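Here you go, sequence then predicted model.
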Amino acid sequence: MVKQANIEVQADGRRERRKEEMRSQIFQAAMRLFERKGVFDTTVEEITESADVAKGTFFNYFPSKEAILTKLADRQVGVIKQAAERARTAPSMRPVLVDMAHELSAGPARSAMMLRSLLSVFLSNKSLSETFQNALQLSRERIASIMERGQQLGEIRTDMSPPELARIFQHAMFGTHAVWSISQPSDLKPWINKTFDVLWCGIAAQPGPVKQGE
């Protein structure tokens, strides 16, 4: 009886792995097309052809082309979750935050066209807008935990709360991506580095005022 139960558990595990592999295969195919053509000009047929799956298989995993973007939101939240876990034992939050910023951009900012279309879809589709807002809120909470850890280490200012600092981080990075997406073609990495350098100067713990005569 126990042996049979173990066999069933293993079978269920294999099925779940195959389902996740197929879901990821479709997602990656869609991301490659979104990178070249944007979301609006990419069809489900093109995605299934690129992923080498039947159209019916696609709808077993995603109810629509736009629903693929929910996996992208999950991916972004996962990146921040990993950064928050790294922050628990890291000696400094600066590399944790800057690495996280670059890893986040590696998803939706593969191309300016892709990023512009993603922003448009998230803002115009009510369901995806709610998904995006929920992801932002969850991400902010985890970024706040990184900021709090930085305060405990004495490298991040304490006159602002961790949620406030997390919101400022999101604003800075979101704005950088948005402006980059409508600017002349260029490498996004230097944009992120420059924004982060200025941001860090603003959130880093500052030395106290120098007294006269010192």
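It's in.

Going by C-alpha atoms from here, please, whenever you check contacts or count neighbours.
Will do.

Next, count neighbours for Thr89.
By other Cα atoms under 10 Å, 10 other residues sit near Thr89.

Specify the local secondary structure of it.
coil (DSSP: H, G, I helix; E, B strand; the rest coil).

And it, how far from Ile156?
Distance of Thr89 to Ile156, computed by Cα to Cα, to the nearest Å: 16 Å.

show me what contacts the most centrally placed residue in the chain?
Among the residues of the chain, Gln76 comes closest to the average C-alpha position under Cα atoms, centre = their mean, at 2.2 Å. Gln76 sits next to 104, 107 when contact means Cα atoms under 8 Å, 6 or more residues apart in numbering.

Wasn't it part of a helix?
Yes. Assessed with three-state DSSP, Gln76 lies in a helix.

So it versus Val39, what's the distance?
Where Val39 is concerned, Gln76 sits at a distance of 18 Å (Cα to Cα).

Over to Ser127?
As judged by Cα to Cα, Ser127 and Val39 stand 16 Å apart.

which of these two has more neighbours?
Val39 (23 against 13).

And the more buried one, how close does it get to Phe58?
Plainly put, Val39 is 16 Å away from Phe58 if you go by Cα to Cα.

same deal with Glu103?
Glu103 is 27 Å from Phe58, by Cα to Cα.

Neighbour count for those two, which is higher?
The neighbour comparison of Glu103 against Phe58 (other Cα under 10 Å) goes to Phe58, with 21 against 14.

Show the contacting residues for that one.
Applying Cα under 8 Å, 6+ apart, the residues near Phe58 are 26, 48.

and with 10 Å instead?
By Cα atoms under 10 Å, 6 or more residues apart in numbering, the residues touching Phe58 are 22-23, 26-27, 44-45, 47-48, 51, 64-65.

swap in Gln184?
Gln184 neighbours (Cα under 10 Å, 6+ apart): Ala112.

try Thr43
By Cα under 10 Å, 6+ apart, the residues touching Thr43 are 30, 33-34, 37, 49, 65.

Of these, just say which sits nearest to Leu123.
Proximity of the contacts of Thr43 to Leu123 was ranked by Cα to Cα; the top entry is Lys65 with 15.7 Å.

contacting residues around Glu103?
The neighbours of Glu103, taking Cα under 10 Å, 6+ apart as the test, are 76, 79-80, 83, 97.

For my notes, confirm it occurs in a helix.
Yes. Using three-state DSSP, the assignment for Glu103 is a helix.

State the next helix or strand along the chain beyond the helix or strand that contains Phe27.
Phe27 is part of helix 2-37 when elements are defined by DSSP states H and E. Sequence order places helix 44-51 as the next helix or strand after helix 2-37, per DSSP H and E.

Buried ones in the next helix or strand after that following helix, by neighbour count?
Later in the chain than helix 44-51, the nearest helix or strand by DSSP H and E is helix 55-61. By neighbour count on 16 or more other Cα atoms under 10 Å, the buried set for helix 55-61 is 58, 61.

about what we covered before: filter the contacts of Glu103 down to the buried ones and express that as a PyMOL selection.
Remark: buried members of the contacts of Glu103, expressed as a PyMOL selection using 16+ other Cα under 10 Å:
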select buried, resi 76+79+80+83+97
